[in-house]
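Participant: The amino acid sequence is not available; the structure is as follows:
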């Protein structure tokens with residue numbers, strides 16, 4: 001009986017330790033993801049005389065990623081990717097209604113897309129005039145796009161300020177339909193993710209969200 005109690009105590013202790021380790025790992029991952037967003041805000045504050053990261057922050061910030069919709073495998077890959085979180089984001093993409101707030105990183109490698117959304121090569125720089133292509137995983141940051149609606153507001157923040165866009169169209173294409181990334185003559189954001197959102201194996205289509213700068217959506221800085 002004494003031995004069983006000792007074993008029971010040991011198991012309880014081990015269990016509590018494991019819970020503690022998991023909690024530290026989980027919240028560290030959230031903090032590191034948030035640091036990418038904060039880095040952009042700090043850069044922007046440094047670029048604007050008299051500004052601080054608090055005053056530079058746009059109104060509809062939504063905090064760390066909401067992982068509830070994410071696939072478990074994607075969550076694990078995202079957490080593992082936080083160990084390599086040193087590169088400075090190009091900006092931050094926010095879609096307030098969908099609770100998306102994510103750093104924009106350069107490139108579309110697996111490593112990049114495990115950490116944030118990726119700026120597609122040879123498209124306009126985020127926030128600039130032209131068509132800026134941003135890619136993200138359908139089972140991670142961009143899964144919430146399944147609920148996107150015409151008129152939804154997107155905000156792209158860079159060190160120069162932020163540009164507001166409104167969704168004007170969504171559609172499905174094949175992976176070969178790269179024309180969706182063709183240049184435009186006004187500030188445009190094209191979000192690209194795989195489709196269907198819940199599909200086992202390589203998805204056969206791409207879900208496209210096209211958003212165009214609002215009427216007053218020229219880049220502007222906080223004052």
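Facilitator: Received, thanks. Only a predicted model underlies this, so the values are computations on that prediction, with no experimental measurement involved.
Participant: What ranges does the protein have for its strands?
Facilitator: Secondary structure of the chain (DSSP state E): strands at 91-95, 100-106, 117-119, 131-135, 153-158, 161-173, 188-195, 205-213.
Participant: Looking at these, which is nearest to residue 76?
Facilitator: strand 100-106 (17.7 Å; Cβ to Cβ). In short, each C-beta sits where N, CA and C put it, glycine included.
Participant: Check which helices and strands the closest one sits against.
Facilitator: Using 3 or more Cβ pairs under 8 Å, 6 or more residues apart in numbering; DSSP states H and E, the elements in contact with strand 100-106 are helix 2-47, strand 91-95, helix 110-115, strand 117-119.
Participant: and it with strand 131-135, angle?
Facilitator: 110 degrees (axes from the mean of the first three to the mean of the last three Cα atoms, to 10 degrees).
Participant: mind listing what strand 100-106 pairs with, with the direction of each?
Facilitator: For strand 100-106, the paired strands and their directions (DSSP bridges) are strand 91-95 (antiparallel), strand 117-119 (parallel).
Participant: Which one of these lies nearest to residue 194?
Facilitator: Residue 194 lies closest to strand 117-119 among the strands paired with strand 100-106, at 13.1 Å (Cβ to Cβ).
Participant: I'd like to know how many residues surround residue 77.
Facilitator: Residues lying near residue 77 (other Cβ atoms under 10 Å) number 19.
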